[in-house]
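Chemist: Everything below, folded, please.
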Amino acid sequence: MIGRGILLAGLAASVLAGCAGGGGGSPRRPAPAPGAPRGSIVMVPQVMAPAGLEGVIGSPAAALTRRFGSPRIDLAEGDARKLQFGGPSCVLDIYLYPLAAGAEPTATHVAARIRQGGAPADPGACIREVERGKEAR
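Modeler: This is a model prediction of the structure:
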């Protein structure tokens, strides 16, 4: 009787293991359709009006790192890039996108927020704060 119980428990465990995805490798996914080469199709982003953001909007990453120092975050996804800089009380996110196929990504959007709580902050004030922080280092 005990032997039969152990046999049934082992059988049940085998069935459950199969349901958990333990057998047979990963499911096949269809191969992506051949498309245009990377960088040949560009979705042109809407560029923020530079009022108060002069020298940031339209700048490439190299100019931004010279101006603000090393970014806390430098994240690339496809042709897009995000640089994040921090001041004592604010966080500045600068988003860079290419404006034409094969072009170097440039800053098209800026977002600023208060470090504590994440409430929106004035981007121009945050830019000045990050610049002062770089000068103090």
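
Chemist: Tell me where this structure has strands.
Modeler: In the chain, the strands defined using DSSP state E lie at 73-77, 80-86, 90-97, 106-114.

Chemist: what helices or strands is the third one leaning on?
Modeler: If I follow you right, that is strand 90-97. Judged by 3 or more CB pairs under 8 Å, 6 or more residues apart in numbering; DSSP states H and E, the packing partners of strand 90-97 are helix 61-68, strand 80-86, strand 106-114, helix 123-136. C-betas here are computed from N, CA, C, even on glycine.

Chemist: at 10 Å what do you get?
Modeler: In terms of contact count using 3 or more CB pairs under 10 Å, 6 or more residues apart in numbering; DSSP states H and E, strand 90-97 is assigned the packing partners helix 61-68, strand 73-77, strand 80-86, strand 106-114, helix 123-136.

Chemist: same check, this time on the last one
Modeler: Helices and strands in packing contact with strand 106-114 are listed as helix 61-68, strand 80-86, strand 90-97, helix 123-136; criterion 3+ CB pairs under 10 Å, 6+ apart.

Chemist: quick one on the thing from earlier: need the strands of the chain in CSV with mean neighbour count, mean pLDDT and distance to residue 132, can you?
Modeler: Below are those laid out as CSV (neighbours: other CB atoms under 10 Å; pLDDT from 0 to 100; distance: least, CB to CB, whole Å):
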stretch, mean neighbour count, mean pLDDT, distance to residue 132
strand 73-77, 11, 97, 20
strand 80-86, 19, 97, 12
strand 90-97, 21, 97, 11
strand 106-114, 19, 96, 14
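
Chemist: in the sheet, who's paired with the nearest residue to residue 80 once chain neighbours are set aside?
Modeler: Spatial nearest neighbour of residue 80, chain neighbours left out: residue 97 (5.3 Å); criterion: CB to CB, 6 or more residues apart in numbering. Beta-bridge pairing for residue 97 (DSSP bridges): residue 106.

Chemist: Need the helices and strands packed on strand 106-114 in a markdown table (columns: distance to residue 74).
Modeler: Compiled in a markdown table, the helices and strands packed on strand 106-114 are given as follows (distance: least, CB to CB, whole Å):
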| stretch | distance to residue 74 |
| --- | --- |
| helix 61-68 | 8 |
| strand 80-86 | 6 |
| strand 90-97 | 10 |
| helix 123-136 | 15 |
